[in-house]
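Asker: Using only what follows, build the 3D model:
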Amino acid sequence: MLGVTLITFYLSYAMGDPLAAYVTERTTEEQYEMLAEKHGVNEPIYVQYFTYLKAVITLDWGYSEVLNQDVSEALKYRFAATLELSILAFIVAVATAIPLGIFSSIRQNRWEDHTIRFFALAGSAIPIFWFALFLQYFSSVTLDRLMPELNWPISLRYDPILWEITDPIEMSTNFLLIDAIAAGSWIHFKDALQHMILPATVLAYSSMATIIRLMRGNMLDVLGQDYIRTAKSKGLSESQVTYNHGAPNAMIPTVTLLGMGFAGLINGSVLTETIFTWPGLGAWAITAMRSLDVSAILAYTLFSAFLYIIANLIVDILYAFLDPRVELSGHSSVAEILVVSLSILLLILTYFSIDLAVLSGTATLVALIVFSSYSMGRRFLKNPADTWLIFLFGGTLFVVWSILGGFFIKISLISLILYLGYLAYYLDDLKASLEPKFDEFKRTIYQIRKNPLTLLGLFLVLSLISIALFAPWLAPPSENQRDPMKMEEHFQFNFDPQPPCYYSCTADAGEENGYILGSTDRGYDIYYGIIWGSRTSLDVAVKVVFTGTFIAVAIGAVSGYYGGRVDDIVMRITDVFIAIPGLVLALAIIAVTEDSSIEMLMYALIIVGWPGFTRIIRAEALRIRKLPYIEAAKASGASDFRIIFKHVIPNCITSVIVIATMDMGGIVLSLAALGFLGFGGGPDLAEWGKLVSFGQDDILLGYWWGFFFPGLAIALWALGFYLLGDGIRDILDPKQRN
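Answerer: As a prediction, this is how the structure comes out:
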C-alpha cells in the first residue's frame, strides 16, 4: 500500500494545480496562499508526499467537485452500490462456473467439452460494454416488442418514484436488498433485484469464463493422479470419484483465482456501471476522470488497490486453510522484518508529526541507496562476469525505445538478415537438426487438425490480420482524405444513421450513398471504421505485447534465476503495480496526463501489462533453476549469462508463447474499453471501441448496427487469439503428446 501511495502521489503531482477543487473565480490571492499553506502545496516535494500520506491514513481524501461532497463520504454510498452488485455477480459466476468446469473435464474432447470451452472463451473475448449494450437492446427493444407488459429496467439502481415518493423506506445501510428485507417490503426487494439482474449478468459472465477454464484444467490434472486411479480400482462410482475426490482437490488452485477475479469485477464495474448508470464507484470514477476531478481519481485508484490487496490476502489465508500442505507461518528474513518495522514506524511518525516522518523517511532512503550501491558494487567487484546485467538493462531500454519509436521493424529486418547469414554459414548443422523438427511439425499439424476450436482460432486470426494488411484495397480512402486512419465524416448523414445495405448500395431507392454495414449518427462509415480499425488494433497489440514480453522475460528470468534479495526487490516492485487493477491504472494515467493519444494509450497498457507477465516468467525460472541440467551446467563452469539465455529462457518459451498469444486478444479488449470510454486516440480515429460508443446513443431508437458490428469485430479478434493460445498450450504441453 505504501508503494501504491507513491504511484498515486506522483499522479497527483502531474495533474497540474492540486488546489483546483477548492478555488473559484472569487478566490483572492490571499485566500489561495492560505489554501496552499493548509495543504502543504508550497513545501518541497518530499514534504508534500508525507502530507499526502497523512491525509490518506486519516481518511482526509479531499473534496470531489463532481459530487460536490467530501470523497470519504462519497465512498461510503458508492462502495455499497458497487459491492452489492459485485457480490451478486460473484455468487452467480462461481455457482455456475464450477459445475460447468467439472462437467467439461469429465467429457474431455467431446462435443459437450468443446461447447463449454467455446462458451467460456467467448465470455473472455466478448467486450463487457458490448455485451451490456446487447442486453440493453434486447430488453428495451426486442423483449419490449414481444412482451410489452414486462417493462424490464435497463438503467439506474432503483425506481426513484417508488423508493422516494410513492412508498419511501429508510436506506440505512445503502445495501438496497438488505434495506428492503429490514423494512419487510417485497415490492422494494423485487424492484432492487430487477435493476440488478442485467448489470450482474454482464459482470458474472466475464468472471465465469475464467473460472470455467481454470476449473476444467485443474480437474484434468487431478483426474490423472494416482489416488484417483486407486479410488476407481476400489470400485467407487464415477460420480463418487469425481465429486468426493477430484473436485475438492481441483478447487484448491481455483480459489487462488477468486482474488484475481475480484480485480476483474472492479475493472468490469467501471464499464458496466457507466452503461447502466449504476451509482457506484466505477461510474463515479469515469465521471471524475472526464472532469479531471483530482481527489476522486486518486481516491478511487487507492481504494481499488486496497480492495484488491485485501481480497488476495483473504484468498491466501483460505488457500492455506483448504490445502494442509501450504503453511502461512514461514520464516521471515531479517530484511523483511526490518522493512515491515520501518514501514509501521514511518506511518506512526507521519500520523503524529510530518517533520519527524520527513526526517525518518529521508534517512531511511539515503541508507537504502547507500546500502544498495555498496551491495551492487561489492557483487560486481567479486563477480566481474555479472556486469552483463548492466548491459541487459541497457539493451532492454534500447529495445523498448525501438519498439515505441517505430524503429523495431528495421532492426528486426537487419537482425533477420544477419541470422539468415549465420544459418547459411552453418548449413550442414541446420540440415541435421531439421529432421526431428519436421517430425515435431507433423505432430503439431495433427493436433491442430484434431482440435476444431484451434482451427477456428487460427482461421479468425489469419482472416483479421489479412484484413488489416489489405485495408487500402478493402476500404480505399476517399481522394480528399489526408490520413486513412482518420474516419471521414459525411455531413449529409449527421444525426441520421443509415441502415446497412449489405449486398447492394446502388439501388434506385436512394441508396447510392449507402453503407455496407450502415453509419453512425455522426456520418462515419462503420465498414470503413472496422477495416481500418483492424490496423489500429494490430499496431497497438503488437507493440504492447512485444514490449511487455521483452521486459517481462528479461526481468522475470533474472529475478527467478538469482532468487534471494534480487528476487524480493523485483517482486515487491511488481506487486505494487499488480495491486492496482489494470484498467483503473491505465485510465488514471491517461486522465492525469490529459493526453488521450494512441501513443499515451500504449504507454499506459505497457505499464499495467508487464508486472503480471513478469511474475509468470519468474515462477517458471524458479522452477527451472532447480532442475538437474541447470546444476550440471553450473558444475561444468557455465556462466550465469549462458545458463539464463541458453537454458532458462528457452525452457520458459512455452509460457511466453501462450501468454503473448492470448495477450494479443486481451490488449485489444483493453484498447477498445478505453476507446469506448473516450480515452483512446482522437475523436475520429478508426478504432473499434469508439465506433461502439458512437452507436450506444441510438439503441433505444432501434439502430442496432451502430454498436453491433464493431463489437462483433472486437469479440472475434479476442476470441481468435484466445482459441489459438489455448490450442498452442495443448500442443506444447508434454502431457498431450500421446
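Asker: contacting residues for residue 96?
Answerer: Contacts for residue 96 were tallied using C-beta atoms under 8 Å, 6 or more residues apart in numbering; they are 204, 208. C-beta coordinates here come from the backbone N, C-alpha and C atoms, glycine included.
Asker: May I see the buried residues of the helix or strand it falls within?
Answerer: Element membership of residue 96, judged by DSSP states H and E, is helix 71-106. Residues of helix 71-106 classed as buried: 71, 74-75, 77-86, 88-90, 92-94, 96-98, 100-106 (neighbour count, 16 or more other C-beta atoms under 10 Å).
Asker: show me where this protein has strands.
Answerer: In the chain, the segments counted as strands under DSSP state E are 63-64, 69-70.
Asker: surely residue 706 meets residue 693?
Answerer: No - because the distance of 9.5 Å does not satisfy C-beta atoms under 8 Å, residue 706 is recorded as not touching residue 693.
Asker: Between these two, which is the more surrounded one?
Answerer: Here residue 706 and residue 693 are set side by side on neighbour count (other C-beta atoms under 10 Å), and the busier one is residue 706, at 29 against 22.
Asker: so what's the more buried one closest to, chain neighbours aside?
Answerer: Sequence neighbours aside, residue 695 is the residue nearest to residue 706 in space, at 2.4 Å (criterion: C-beta to C-beta, 6 or more residues apart in numbering).
Asker: Point out the most buried one among the strands of the chain.
Answerer: strand 63-64 (a mean of 23; mean count of other C-beta atoms under 10 Å).
Asker: Please enumerate residues in contact with it?
Answerer: With C-beta under 8 Å, 6+ apart as the criterion, strand 63-64 contacts 21-22, 69-71, 74, 284, 288, 293, 295-296, 299.
Asker: rerun at 10 Å
Answerer: The contact list for strand 63-64 (C-beta atoms under 10 Å, 6 or more residues apart in numbering) reads 21-22, 69-75, 78, 284, 287-288, 291, 293-297, 299-300.
Asker: what's the answer for stretch 561-575, then?
Answerer: Contacts of stretch 561-575 (C-beta under 10 Å, 6+ apart): 3-4, 309, 312, 333, 335-336, 339, 372, 375, 379, 386, 389, 552, 555-556, 558-560, 578, 610-615, 618, 621-622, 624-626, 630, 640, 643-644, 647-649.
Asker: Equivalent analysis for stretch 380-389, please.
Answerer: With contact meaning C-beta under 10 Å, 6+ apart, stretch 380-389 is reached by 376, 379, 390, 395, 554, 558, 562, 566, 639-642, 644-645.
Asker: Tabulate the residues you listed in JSON lines, adding columns for pLDDT.
Answerer: Compiled in JSON lines, the contacts of stretch 380-389 are given as follows (pLDDT from 0 to 100):
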{"residue": "376", "pLDDT": "76"}
{"residue": "379", "pLDDT": "72"}
{"residue": "390", "pLDDT": "75"}
{"residue": "395", "pLDDT": "76"}
{"residue": "554", "pLDDT": "85"}
{"residue": "558", "pLDDT": "85"}
{"residue": "562", "pLDDT": "83"}
{"residue": "566", "pLDDT": "75"}
{"residue": "639", "pLDDT": "81"}
{"residue": "640", "pLDDT": "81"}
{"residue": "641", "pLDDT": "81"}
{"residue": "642", "pLDDT": "84"}
{"residue": "644", "pLDDT": "85"}
{"residue": "645", "pLDDT": "83"}
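Asker: Quick one: buried ones out of those?
Answerer: Members of those that pass the buried threshold by neighbour count (16+ other C-beta under 10 Å) are listed as 554, 558, 562, 566, 640, 644.
Asker: Format the residues you listed as TSV; extra columns: distance to residue 518.
Answerer: Converted to TSV, these look like this (distance: C-beta to C-beta, whole Å):
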residue	distance to residue 518
554	46
558	52
562	57
566	56
640	59
644	54
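Asker: which of those residues lies closest to residue 545?
Answerer: Within the buried ones among the contacts of stretch 380-389, the smallest distance to residue 545 is 14.9 Å, found for residue 554 (C-beta to C-beta).
Asker: contacting residues for the closest residue in space to the closest one that isn't next to it in sequence?
Answerer: Across the structure, with C-beta to C-beta, 6+ apart as the measure, the residue nearest residue 554 apart from its sequence neighbours is residue 396 (4.9 Å). Shown here is residue 396, whose contacts under the criterion C-beta under 10 Å, 6+ apart are 547, 550-551, 553-555.
Asker: One more pass at 8 Å, please.
Answerer: Counting by C-beta under 8 Å, 6+ apart, residue 396 touches 550-551, 554-555.
Asker: just how off-centre is stretch 214-222 within its chain?
Answerer: Distance, stretch centre to chain centre, for stretch 214-222: 23 Å (C-alpha atoms, centre = their mean, to the nearest Å).
Asker: And stretch 4-12, by the same measure?
Answerer: On C-alpha atoms, centre = their mean, the centre of stretch 4-12 falls 20 Å from the chain's centre.
Asker: Show me this structure divided up by domain.
Answerer: Domain assignment of the chain by automatic domain parsing yields the ranges 2-60, 71-322, 447-738.
Asker: looking at the ones you listed, which one has the lowest mean pLDDT?
Answerer: Sorting the domains of the chain by mean pLDDT places domain 2-60 lowest, at a mean of 76.
Asker: Ends of that domain, what's the gap?
Answerer: Using C-alpha to C-alpha, to the nearest Å, the span of domain 2-60 from its first residue to its last is 16 Å.
Asker: what about stretch 597-614, distance to the chain center?
Answerer: If you compare the mean C-alpha spot of stretch 597-614 with that of the full chain, they lie 10 Å apart, counting by C-alpha atoms, centre = their mean.
Asker: Could you measure from the residue nearest to residue 62 when sequence neighbours are not counted over to residue 705?
Answerer: Excluding the flanking residues, the one nearest residue 62 by C-beta to C-beta, 6+ apart is residue 295, at 3.1 Å. Taking C-beta to C-beta, to the nearest Å as the measure, residue 295 falls 40 Å from residue 705.
Asker: When those two are compared, which one has more neighbours?
Answerer: Set residue 295 next to residue 705 and count neighbours by other C-beta under 10 Å: residue 295 wins out with 23 against 20.
Asker: The more buried one touches residue 66, doesn't it?
Answerer: No - using C-beta under 8 Å, residue 295 is not in contact with residue 66, being 9.5 Å away.
Asker: What residues does residue 709 make contact with?
Answerer: For residue 709, the contacting residues are 500, 517-518, 526-527, 530, 691, taking C-beta under 8 Å, 6+ apart as the criterion.
Asker: which one is the residue nearest to the spatial centre of the chain nearest to, not counting chain neighbours?
Answerer: For the chain, the residue nearest the mean C-alpha position is residue 582 (4.8 Å; C-alpha atoms, centre = their mean). If the residues on either side of it in the chain are set aside, residue 582 comes closest to residue 608, at 4.0 Å by C-beta to C-beta, 6+ apart.
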